[in-house]
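Colleague: Sequence first, then the predicted structure, then my questions.
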Amino acid sequence: MAKVLLENVYKTFQPSPQKFQKNLAESDCSNPELTVPQAVLRQINLTAEAGEFLVLVGPSGCGKSTLLRLIAGLEPLSAGNIWIGGTLVNNLPPKARDIAMVFQNYALYPHLRVYDNLAFGLRRMGRQLPAGSGFQAQQQKTISDRVLRVAELLQIESLLKRYPKELSGGQKQRVALGRAIARNPQVFLMDEPLSNLDARLRTETRAQIVELQRDLGITTIYVTHDQTEAMTMGSRIAVMDRGQIQQIASPLEIYNTPANRFVAEFMGSPPMNFLSVQYTKTLLLTHPGFQIVLPYSWEHPLQSYDQKSIILGIRPEHFRVNSLELKLDLTSDSTANLNRLKIRVHRLESLGHETLVYGELVYGELVQPQSRNFSLTKSAQILVRVSGEFAVTAGDLLWLEVMVDKLQLFDSETGLSLLPKP
């Protein structure tokens, strides 16, 4: 096991001379991105503790795979330091870093059988010994024993004599994992290894990887764009966007207390609902379609936001659903109307165990916010998660009660969370 430490890591890609000249000739220089270096990673500070399973998650193009390649030594650093097991590895080649990488496309040697694919890294690690040497014979036996143990661990003993073209996608992925495990490295680096598998096989392989990592205890850094993989596999998650780390925390902390609006929106399926509301110092959130009274814990975090517009975030499962039979009057001043909103259902997605209800907010006659900072969306869309047994059809009107202890608030300009500190 080894600790991986990244200090102020930056990565910038320089345009090649040929591409630079071509872009310069074809453009009027109005788009500087064509001719200037592109910074893809900025101020990355990250620690993966020894034996930890750390997941890097983010949208395509956020820099997560580039960061993994920097750790592996496949790309040079532009600035910063990378430490593996207490050793500064900035200038070390990949083979000297004692890491093993699993790629998205498996990267198996098509002309080698499964046994030889598993043994390839071990043979490369061995010393060059003269033919017929007893040391060489001992080395071959050690390699054979290691390959057979890994094959048994991954339940691929029956595949050892096959070529990669004779394997299914799941079998190829297990061979690629086995090749990494056989080397017994300090660190595993996995770059979206499950993205080519179908849904059922992806779920099974995901569980196998987690169990293997727990049994082996090897520090693992895993890259994915799939939030489900991130939530179910990692002991901690680092959420990335546009070349920077947005938040590092445990899966539940990421989900329940996102650091900003991007994290709140990206981590969660279906995504969080966002609405622009106006806050007043009476702990009241006002929208043309509803009013919400906040708990007293919000008073201090929001003391500078009186009469200002902020962003309300509510996850689809944080509504209590009622019918219109309650006869509530949204146009009255009754406190019974607080913390409730009304939607008209326009689309349903039935998943069996649950139903996703897509609706449009029905506006009432509440007093309009006076602040010029308040911006009103003409058609506010609301997504609600309900039980699969809940009876609802398109066109229905539903009352939704907001779980005020679960809502999130974000600064309208910076997107940062305003959640009270515990």
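Modeller: Received it, and whenever you're ready, just let me know what you need. Numbers count the residues shown, from 1 in each chain.
Colleague: Show the pLDDT at the residue nearest the centre of the chain.
Modeller: Centre of the chain computed as the mean C-alpha position; nearest residue by CA atoms, centre = their mean is residue 57, 2.8 Å away. At residue 57, the pLDDT value in this model is 97.
Colleague: Contact partners for it?
Modeller: Counting by CB atoms under 8 Å, 6 or more residues apart in numbering, residue 57 makes contact with 64, 223-227, 229-230, 237-240, 266-267. Any C-beta I mention is one placed from the backbone N, CA and C, and that applies to glycine too.
Colleague: cutoff 6 Å now
Modeller: 224, 230, 237, 239 (CB atoms under 6 Å, 6 or more residues apart in numbering).
Colleague: try residue 417
Modeller: Contacts of residue 417 (CB under 6 Å, 6+ apart): 259, 260, 410.
Colleague: Secondary structure class of the last one, three-state.
Modeller: If I follow you right, that is residue 410. Classification of residue 410 by DSSP: H, G, I helix; E, B strand; the rest coil places it in strand.
Colleague: what about the biggest helix by length in the chain, average pLDDT?
Modeller: Scanning the chain for the helix with the most residues, using DSSP state H, yields helix 134-154. Averaged over helix 134-154, pLDDT sits at 84.
Colleague: begin at 40 from here
Modeller: All right, first residue 40 from here; so that's helix 173-193.
Colleague: other SSEs contacting that helix?
Modeller: helix 153-164, helix 208-221 (3 or more CB pairs under 6 Å, 6 or more residues apart in numbering; DSSP states H and E).
Colleague: residues in contact with it?
Modeller: Helix 173-193 is contacted from outside by 157, 158, 161, 165, 168, 196, 199, 213, 217, 220, 221, using CB under 6 Å, 6+ apart.
Colleague: tell me the most buried of the helices and strands packed on helix 173-193?
Modeller: helix 208-221 (a mean of 22; mean count of other CB atoms under 10 Å).
Colleague: Could you list every helix and strand in contact with that one?
Modeller: strand 138-141, helix 153-164, helix 173-193.
Colleague: repeat that for 10 Å
Modeller: strand 138-141, helix 153-164, helix 173-193, strand 226-230, helix 238-255 (3 or more CB pairs under 10 Å, 6 or more residues apart in numbering; DSSP states H and E).
Colleague: Direction included, what does the first one pair against?
Modeller: Pointing back at strand 138-141 there. According to DSSP bridges, strand 138-141 forms sheet pairs with strand 226-230 (parallel).
Colleague: ok and the partner strand relative to helix 238-255, angle-wise?
Modeller: 170 degrees (axes from the mean of the first three to the mean of the last three CA atoms, to 10 degrees).
Colleague: what's the spacing between strand 226-230 and its chain's center?
Modeller: Computed by CA atoms, centre = their mean, to the nearest Å, the chain-centroid distance of strand 226-230 equals 16 Å.
Colleague: Next, the angle from it to helix 208-221.
Modeller: Put simply, strand 226-230 runs at 160 degrees to helix 208-221, going by the same axes, to 10 degrees.
Colleague: how about the CA coordinates for strand 226-230, as PDB?
Modeller: Only the C-alpha atoms of strand 226-230 are listed here, as PDB (Å, rounded to 0.1, in the frame of the first residue of the first chain):
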ATOM      1  CA  VAL A 226      -1.200   1.700  -6.700                       C
ATOM      2  CA  PHE A 227      -4.000   0.700  -9.100                       C
ATOM      3  CA  LEU A 228      -5.100   3.300 -11.600                       C
ATOM      4  CA  MET A 229      -8.400   2.500 -13.400                       C
ATOM      5  CA  ASP A 230      -9.600   4.700 -16.300                       C
END
